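Participant: 3D model of this:
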Amino acid sequence: MSQSQLPPRVAVILPCYNEEAAIGQTVAAFRAALPGATVYVYDNNSRDRTVDYARAAGAVVRTERMQGKGHVVRRMFADIEADIYVMADGDATYDAAAAPALIDRLVEERLDMVVGARRSEIELAYRRGHRLGNKLLTGMLAQLFGRSFSDILSGYRVFSRRFVKSFPILSEGFEIETEISVHALELRMPCAEIETDYAARPEGSVSKLSTYRDGWRILRTILNLYRVERPVLFFGLAGALLLLVALVLAEPLAETYFATGLVPRLPTAILSTGLTLLAFLSFFSGVILDTVTRGRREMRRLAYLALPAVGEG
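Facilitator: Purely as a prediction, here's the structure:
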């Protein structure tokens, strides 16, 4: 059998933190769904027996000391060599049986990412607050970047090798899924979504997601990525607001000056002039940064294209 006919190497990657109640079940489910895959569990300083249960279930266990899901995903993407990567959480909430369908979609359509969009009727599995927050953040991402996914916060994703090895992860925590989505949108990668079942955590397993704290971090990440990826619009909007305020302040001064030839409120005139200068500085900063952003995007695109697509090499 030639190298081109060899089946793709599949790696299941599971970031974990204190998941002793669920990790054994999760590993077993993915090993049953993908018998030819290697299951990796990356432990993130768990204080329980997550490592023992993962190893007993047949996973390859490794450790990432820097706390936060973003750090773990960065380490997994850097360390593991495979052709297809299946990423999920170690809490047994994602449907491992759906993994073959996600992989088939990736391979057949030669995609770079397939997202397992969560579908659940169980309130404990997917709380209303989390659903609402996900919808708001997803809608905001669509407004800012023009396109989006229906579930940008899903942790169940299948990637091609060239996605994984061309992705410069900067996130530290749960905002990693948002950064992944923006990376795919910005490089216009071929992606798809498939609805998958989403279950409640097993008894004894506790969510590490804080609705408000992590929601704020995700929102901040979206705004920061918008600043970096759309500098003309971001700084142009800031400049337009500054210019509007300057014009509002200057309007009565201009009327007085044309009527009397005098400027009665010199501090207001100075403030209006300063705001106008700041507005133009903001606009030209956006233009300059847009050139930098285009160069960075071209480099990322070249790094992406340098790697073989699914089914090649």
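Participant: only the buried residues of the top helix by length along the chain, if you could.
Facilitator: In the chain, with assignment by DSSP state H, the single longest helix is helix 266-305. Neighbour-count burial for helix 266-305, with 16 or more other CB atoms under 10 Å as criterion, is recorded at 269, 272, 275-276, 278-279, 282-283, 285-286, 289-290, 293, 300, 304. Every residue, glycine included, has its C-beta placed from N, CA and C.
Participant: can you list the helices and strands that that helix packs against?
Facilitator: Contacts defined by 3 or more CB pairs under 8 Å, 6 or more residues apart in numbering; DSSP states H and E place helix 266-305 against helix 161-164, helix 211-229, helix 231-260.
Participant: picking up where we left off before, state the pair within the buried residues of helix 266-305 that is farthest apart.
Facilitator: A269 and Y304 (52.0 Å; CB to CB).
Participant: low-confidence ranges, the stretch 101-250 of the chain, go.
Facilitator: 120-133, 148, 204-212, 214-215 (pLDDT under 70).
Participant: quick one on the thing from earlier: just the closest of the buried residues of helix 266-305 to F174, please.
Facilitator: R300 (23.1 Å).
Participant: hang on, that closest one packs against P168?
Facilitator: Yes. Counting by CB atoms under 8 Å, R300 does reach P168; the two are 7.2 Å apart.
Participant: I'd like to know how far V248 sits from G274.
Facilitator: 14 Å (CB to CB, to the nearest Å).
Participant: how about the helices in the stretch 1-150 of the chain?
Facilitator: 23-33, 50-56, 69-79, 99-108, 128-145 (DSSP state H, counting those that start in this stretch).
Participant: so of the ones you listed, which one's packed in deepest?
Facilitator: helix 23-33 (a mean of 22; mean count of other CB atoms under 10 Å).
Participant: that one packs against which elements?
Facilitator: Using 3+ CB pairs under 8 Å, 6+ apart: helix 23-33 touches strand 10-16, strand 38-43, helix 50-56, helix 99-108.
Participant: average pLDDT across that helix?
Facilitator: Averaging pLDDT along helix 23-33 yields 95.
Participant: related to what we said a few turns ago, from the helices and strands packed on helix 266-305, which stretch is densest packed?
Facilitator: Taking mean count of other CB under 10 Å, helix 161-164 is the most buried of those, at a mean of 23.
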